[in-house]
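Visitor: prediction below, plus the sequence it came from.
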Amino acid sequence: MIRALSTAATGLEAQSANIERISNDLANVNTDGYKRSRNEFSDLMYDTIKEAGGQLGATTQSPVGVQQGLGVKVGALHKNFEQGPAKITNHPYDLMIDGRGFLPVQLQNGEIGYTRTGAFKLDSQGRMVLSNGAQLVPPVNIPPNAMGVQIAPNGEVKVSLPNNGEAVLGQIQLVTFQNEQGLSARGEGIYKPTLASGAPLQGIPGENGLGSLSQGALEGSNVNVANSMVDMIQTQRAYEMNTKVMGVADQMLGATANIK
């Protein structure tokens, strides 16, 4: 019964982690570029009381063994980078990645981060930056006399100038990783590479498996509210069942202690 208490406790801890994941997903249901998370559970070590194949006699072996599980743990928690829905904004500096890839940005501390959030604005120097001040890399500077900005699906940035002039200002690049699930989320839609994700692989949008860019649109959160609500109900029921196991184990332990 003592083992049943500790085993059920691991179940409570695992379901608590699951509901925390669901709550974070639902809280970010309207966050542009947000990617829902996924929990993976794995069973803990087993206490082997009798090995399968053990000798029962001179010529007989046990066809099965006896093992008792010790519970469950959270084996992994990672992002699901499935494409989110398109949100049309008609803002000239909003960019949506249609397909694989991340936009590289320089953070305030000088490090390079990667994001799917493309809600860019212009700073005082005409540079395309995010709301948190992260600057697009390589930088794109829009001149003050620009009359219109066109960003092609392949990332080419072109502006219209007075007297029917045009100028190509730069080329937006995308970055992908061998293992996107290995990226480390840092908040504000920013991801940093890790040893598990591999080194960033940079290229032109629309080439070598990279997605293309859509101007005047943003990628919405890929959280599915209906699925998250179902997951929440299942998690609640699993938590309740583990509490019932603890209650029954406690009653049995109490009955054993009261034997005279």
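Guide: Here it is on my side, so go on.

Visitor: shaky segments in the stretch 51-200 of the chain?
Guide: Where the stretch 51-200 of the chain drops to pLDDT under 70, the residues are 57-58.

Visitor: who does the residue lying closest to residue 190 once chain neighbours are set aside bridge with?
Guide: Excluding the flanking residues, the one nearest residue 190 by CB to CB, 6 or more residues apart in numbering is residue 113, at 4.0 Å. In short, each C-beta sits where N, CA and C put it, glycine included. With DSSP bridges as the criterion, residue 113 is bridged to residue 105.

Visitor: how about residue 200, what does it touch?
Guide: 104, 114, 175, 176, 177, 193 (CB atoms under 8 Å, 6 or more residues apart in numbering).

Visitor: could you measure from it over to residue 114?
Guide: Distance of residue 200 to residue 114, computed by CB to CB, to the nearest Å: 7 Å.

Visitor: so what sits against both of those two?
Guide: Counting by CB under 8 Å, 6+ apart, the common neighbours of residue 200 and residue 114 are 104, 175, 193.

Visitor: isn't residue 56 right next to residue 65, touching?
Guide: No. The pair residue 56 and residue 65 fails to qualify as a contact (CB atoms under 8 Å) at a distance of 11.6 Å.

Visitor: the two: who's more crowded?
Guide: Taking other CB atoms under 10 Å, residue 56 and residue 65 do not tie; residue 65 has more neighbours (13 against 10).

Visitor: just give the nearest non-adjacent residue to that one, would you?
Guide: Leaving aside its sequence neighbours, residue 65 sits nearest to residue 52 (CB to CB, 6+ apart; 3.5 Å).

Visitor: what does residue 104 give?
Guide: Per CB to CB, 6+ apart, closest to residue 104 is residue 137, 4.4 Å.

Visitor: give me phi/psi at that neighbour?
Guide: phi -120, psi 130 (degrees, to the nearest 10).

Visitor: before we move on, what about residue 237?
Guide: When quoted as degrees, to the nearest 10, the phi and psi of residue 237 stand at phi -70, psi -40.

Visitor: quick one, strands of the stretch 151-260 of the chain?
Guide: Using DSSP state E, counting those that start in this stretch, the strands found in the stretch 151-260 of the chain span residues 156-161, 165-171, 174-176, 184-187, 190-192, 201-203, 212-215, 217-219.

Visitor: would residue 48 count as being in a helix?
Guide: No. Counting by DSSP: H, G, I helix; E, B strand; the rest coil, residue 48 is not part of a helix but strand.
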